[in-house]
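Colleague: What shape does this take:
(chains A and B)
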Amino acid sequence: MDLSFAPQDLEFRDDVRRFLARELPAGMRHKVLEGLHVSAEDVTEWQRILHKRGWGAPNWPTEFGGTGWDAVRQHIFDEETAAAGAPRQLPFGLKMVGPVIMRFGTEAQQKRFLPRIVSGEDWWCQGYSEPGSGSDLASLSVRAERSGDHYVVNGQKTWITLAQYADWIFCLVRTDPSAKPQSGISFLLIDMKTPGITVRPITLIDGSHEVNEVWFENVRVPVENLVGDENRGWTYAKFLLGHERTNIAGVGTSKRELLRLKAIAARETKDGKPLLADPFFAARLARVEIELMAHEITNLRVLAAEAERRAPGPEASILKIKGTEIQQELAELMMIAVGPYALPFRPSTLDAGFDGDPVGPAYAAPLAATYCNMRKTSIYGGSNEIQRNIIAQMILGL
Amino acid sequence: MDFNLSSEQKLLADSLARFFANHYGFDARKAILKSPDGFSRDVWSKLAEMGLLGLQVPAEHGGMGPAPVETMVTMRAIGRALSLEPYLASAVIAPALVRTAGSDAQKGAILPAIVSGERIVVPAHGEEGARYDVSHVATTATRAGARWTLRGRKAVVLHAPAADTLVVSARTSGAAGDRTGISLFLVAKGVAGVRIVPYRTIDGQPAADVVLSDVEVDDGALLGGEGAAWGALSLANSLGVAALCAEAVGALDATLAATVEYTKTRKQFGSPIAKFQALQHRMVNMLIHVEQARSMSYLATMRADDDDTRERQRALSAAKALIGAACRAVGQEAVQLHGGLGVTDELAVSHYFKRLLAIDVSLGDTSHHVERFIAATAPPVV
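Modeller: Okay, the predicted model is just below:
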């Protein structure tokens, strides 16, 4: 047992730090660290910069263009990039469809799709949820009927994150309506430019445009875009959800947000003293910091165990629950820290370069909106209640 | 970065599991609990034979320590078994004090006797009004020539009734709360002026308040430099906290397992109550507490003998704060999910509940350690 990093891992960390100091554009860094809007161009540009260095796919094996890093290096990279204020790499290609294509896709699919994920050429989105199928995903009803060498897709998907920028969508579709719900689902890759696809924005609680409805009307998808076997999609979906949950641990980001929270609480005052010195506030902050310390170690334990059997297990559900609870608590404390200046809501101040009249401290501007937005985390990616069902069944055997 | 036990450590865990299954089953434990000593001399000598009383004792004095991971493995097994043996006092904290503070002669005289099980040595440090402050020592020691006179009262000294030697902290200068001016004294059983007020703790551990009325000891009883015991006390306290954290993990594992098992067998409304989602989710919350606790126990184990005092205390306080809260939450849920049987003496769950609450309030509860964590955390750079 040893909780410290090996010397070569520390060298690696220095290497990552040097790279970030040199290559992470100051504008992007500023936006991320201040909680301002990060554009789609920023996300793509950052992916290209990473790709150029050979670090486009930190969680992939080298045979598919990944870094081949072990769990420790992935963790270090995650922590360092988050701390430096790098934009988040999109999870949809790297953490979701990529691993599915690697594991279950044909060689042709691997050659066609994987390199363009790593290079940032293709932006993927995830077509899982439907208006009538949220937690009960297996009840989904978007239909794909075979017609010659195409599937014809009809129906509606919803909550599609960043579909407005996407080149491709991976979809769970029903190919056998007569089979049991889990047995009639297939996993399709669909070009967003295909005729018959309509993307409609959903405005979120904080006024942001993050998610969309995606409608399919007689959308023709070549059969070569089927992943694995027809009607086996549920197996691939479950495999993918495990990867999504490990991503959701969010240790690096939460450590960064904790520092931001402390910086805010050190500047805010209560009775003439820093809020950070207020015993009630300090105790609540300490509790979440301690939870995060434990969560970081739990995350490393899960990553180490995964490295040994090369697939995420149900422990990932623990990370999802704890990780999102921590993210939400940090967002809540940041909002509380600024007192009444949580109230002014001026979305334009969240665009980099805003030069209007300031209202209150600049750091206060995004906090209430972020707090509202962060409620999503315990709902998406399999709600925390669904995660509890998974743990109850798979770990506790209830 | 490696979370695995070595093959030797796994063997140790397995043999401890077998050992306690054989010697500390529920009924056997109950008999030990009711015995006059309140622990088992037989089990204690077997632990000595297995070499486990030497995990904090260096090889030159007959031990195999300091062995933090082996201590963790042992304490986990102790937690799972609800062992009543004086392990924390006599095999973790006392030998840590002696090996850190003692002279070569003192180490040579005491440590081998601890390892062999021949002598039970326990720390007598806590006092009324000190709560969990290691520096709050009001008991005094005054020197007259080569003799010292100790006066004061030590509170909740675990296993004092069976102790052959007490390691008593006393103030030789300064005031309660000062880090300097605390000294340690070895006080043998039966010395005039030592009065033991014995009792059991809520979880069944033998303990006592120790009243020191003009207790005279000679210069050789002074353990370490005069007034310079704080460092040794602080380190021993950290090792004790790490050991308690590991014990907690063992007890938490067993408490959760017992609860899961019980809900699978208990039927109401025609179904095992484990099938009810309201209960399933509560057991999942228990599991999350247990896993977070396990992570922090690793951290505590690996940092407990760090030299960097501030970092060490920060890690240990974080671990104990989180684990204390986990003990409370998991214990309460376990009793609730056992229904009426949870509040009887007849099932293991109530015994785990009491041990878990005792762990929380030993060597600093959650509030105490949250406060210490805040004090040890560097302020942000603004």
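
Colleague: what residues does the stretch 151-300 of chain B put near chain A?
Modeller: B:260, B:263-264, B:274-275, B:277, B:280-281, B:283-285, B:287-288, B:291-296, B:298-299 (C-beta under 8 Å from any C-beta of the partner chain). The way it works is simple: take the backbone N, C-alpha and C, and place the C-beta from them, glycine included.

Colleague: Which pLDDT value goes with residue 279?
Modeller: Let's take chain A. What the model reports as pLDDT for A:Pro279 is 94.

Colleague: Correction: the question concerned chain B.
Modeller: Reported pLDDT for B:Leu279: 98.

Colleague: which residues touch it?
Modeller: By C-beta atoms under 8 Å, 6 or more residues apart in numbering or on different chains, the residues touching B:Leu279 are B:263, B:273, B:337.

Colleague: Confirm that it sits in a helix.
Modeller: Yes. Using DSSP: H, G, I helix; E, B strand; the rest coil, the assignment for B:Leu279 is a helix.

Colleague: just checking, which of the contacts of B:Leu279 belong to helices?
Modeller: B:263, B:337 (DSSP state H).

Colleague: Name the member of the contacts of B:Leu279 with the most neighbours.
Modeller: Sorting the contacts of B:Leu279 by how many neighbours each has (other C-beta atoms under 10 Å in any protein chain shown) puts B:Thr263 first, at 23 neighbours.

Colleague: quick one: contacts for that residue?
Modeller: A:398, B:272-274, B:279, B:283, B:337.

Colleague: so how far is B:Phe269 from it?
Modeller: Separation of B:Thr263 from B:Phe269 (C-beta to C-beta, to the nearest Å): 13 Å.

Colleague: Let me see the ranges of the strands in chain B.
Modeller: B:121-124, B:140-144, B:147-158, B:165-171, B:182-188, B:194-200, B:206-218, B:222-223, B:267-268, B:271-272 (DSSP state E).

Colleague: model confidence over the first one, on average?
Modeller: Across strand B:121-124, the average pLDDT comes to 98.

Colleague: cool, and stretch A:386-398?
Modeller: For stretch A:386-398, the mean confidence score works out to 94.

Colleague: Nearest to A:Arg143, out of the strands of chain B?
Modeller: strand B:271-272 (36.5 Å; C-beta to C-beta).

Colleague: Am I right that A:Cys125 falls within a strand?
Modeller: Yes. Counting by three-state DSSP, A:Cys125 falls inside a strand.

Colleague: which residues touch it?
Modeller: A:92, A:160-163, A:166, A:168-170, A:192, A:214.

Colleague: cool, B:Gly62 as well?
Modeller: By C-beta under 8 Å, 6+ apart, the residues touching B:Gly62 are B:54, B:111-112, B:115-116.

Colleague: how close does it sit to B:Leu12?
Modeller: From B:Gly62 to B:Leu12 the distance is 18 Å (C-beta to C-beta).

Colleague: Tell me which residue is most central in chain B.
Modeller: B:Leu88 (4.1 Å; C-alpha atoms, centre = their mean).

Colleague: burial count for the residue nearest to it when sequence neighbours are not counted?
Modeller: Closest residue in space to B:Leu88, ignoring its immediate chain neighbours: B:Ala243 at 5.6 Å, by C-beta to C-beta, 6 or more residues apart in numbering or on different chains. B:Ala243 has 31 neighbouring residues, counting by other C-beta under 10 Å.

Colleague: so B:Ala243 sits right up against B:Val73, yeah?
Modeller: No. At 11.0 Å, B:Ala243 does not count as touching B:Val73 under the criterion of C-beta atoms under 8 Å.

Colleague: Mind checking what helix or strand follows the helix or strand bottoming out on mean pLDDT in chain A in sequence?
Modeller: Least confident element among the helices and strands of chain A, by mean pLDDT, DSSP states H and E: helix A:233-247 (a mean of 80). With elements assigned by DSSP states H and E, the helix or strand that comes after helix A:233-247 is helix A:251-267.

Colleague: and after that next one, which helix or strand comes next?
Modeller: Next element after helix A:251-267 (DSSP H and E): strand A:269-270.

Colleague: if we look at that next one, which residues are touching it?
Modeller: A:275, A:278, A:281.

Colleague: The last one: helix or strand, and which one exactly?
Modeller: Just to be clear, that refers to A:Phe281. A:Phe281 belongs to helix A:279-309, assigned by DSSP H and E.

Colleague: In that helix, which of the residues would be classed as buried?
Modeller: Of all the residues in helix A:279-309, those buried under the rule 16 or more other C-beta atoms under 10 Å in any protein chain shown are A:281-282, A:284-304, A:306.

Colleague: packing partners for the least confident helix or strand of chain A?
Modeller: Secondary-structure packing of helix A:233-247 (3 or more C-beta pairs under 8 Å, 6 or more residues apart in numbering or on different chains; DSSP states H and E): helix A:98-104, strand A:168-174, strand A:185-191, helix A:279-309, helix A:315-337.

Colleague: So, low pLDDT: which residues of the stretch 101-250 of chain A?
Modeller: Within the stretch 101-250 of chain A, the segments meeting pLDDT under 70 span A:244-247.

Colleague: at 80 what do you get?
Modeller: Scanning the stretch 101-250 of chain A with the threshold set as pLDDT under 80 gives A:241-248.

Colleague: what about the helices in the stretch 201-350 of chain B?
Modeller: B:230-265, B:277-303, B:309-337, B:348-361 (DSSP state H, counting those that start in this stretch).

Colleague: Among the ones you listed, which comes closest to B:Ala378?
Modeller: Taking those one by one with C-beta to C-beta, helix B:309-337 is closest: 8.3 Å.

Colleague: list the contacts for the residue in the stretch 51-200 of chain B positioned nearest to chain A?
Modeller: Nearest residue of the stretch 51-200 of chain B to chain A (C-beta to the nearest C-beta) works out as B:Val69 at 5.1 Å. Listed by C-beta under 8 Å, 6+ apart, the contact set of B:Val69 reads A:1, B:5-6, B:9, B:301.

Colleague: let's go with 6 Å and repeat that
Modeller: A:1, B:9 (C-beta atoms under 6 Å, 6 or more residues apart in numbering or on different chains).

Colleague: domains of chain B?
Modeller: B:7-119, B:122-228, B:231-376 (automatic domain parsing).

Colleague: And B:Gln280, how far from B:Thr165?
Modeller: 50 Å.

Colleague: before we move on, what about A:Gln74?
Modeller: Distance check for A:Gln74 against B:Thr165: by C-beta to C-beta, it reads 51 Å.

Colleague: The two - which one has more neighbours?
Modeller: Taking other C-beta under 10 Å, A:Gln74 and B:Thr165 do not tie; B:Thr165 has more neighbours (23 against 16).

Colleague: residues from chain A in reach of chain B?
Modeller: Applying C-beta under 6 Å from any C-beta of the partner chain, we find that chain A lies next to chain B at A:1-3, A:72, A:262-263, A:266, A:282-283, A:286, A:290, A:293-294, A:297-298, A:301, A:304, A:318, A:388, A:391-392, A:396, A:398.

Colleague: Find the nearest non-adjacent residue to A:Gly360, please.
Modeller: Counting by C-beta to C-beta, 6+ apart, A:Gly360 lies nearest to A:Tyr341, which is 3.5 Å off, once chain neighbours are set aside.

Colleague: same question, B:Gln292
Modeller: Nearest non-adjacent residue to B:Gln292 (C-beta to C-beta, 6+ apart): A:Ala294, at 4.2 Å.
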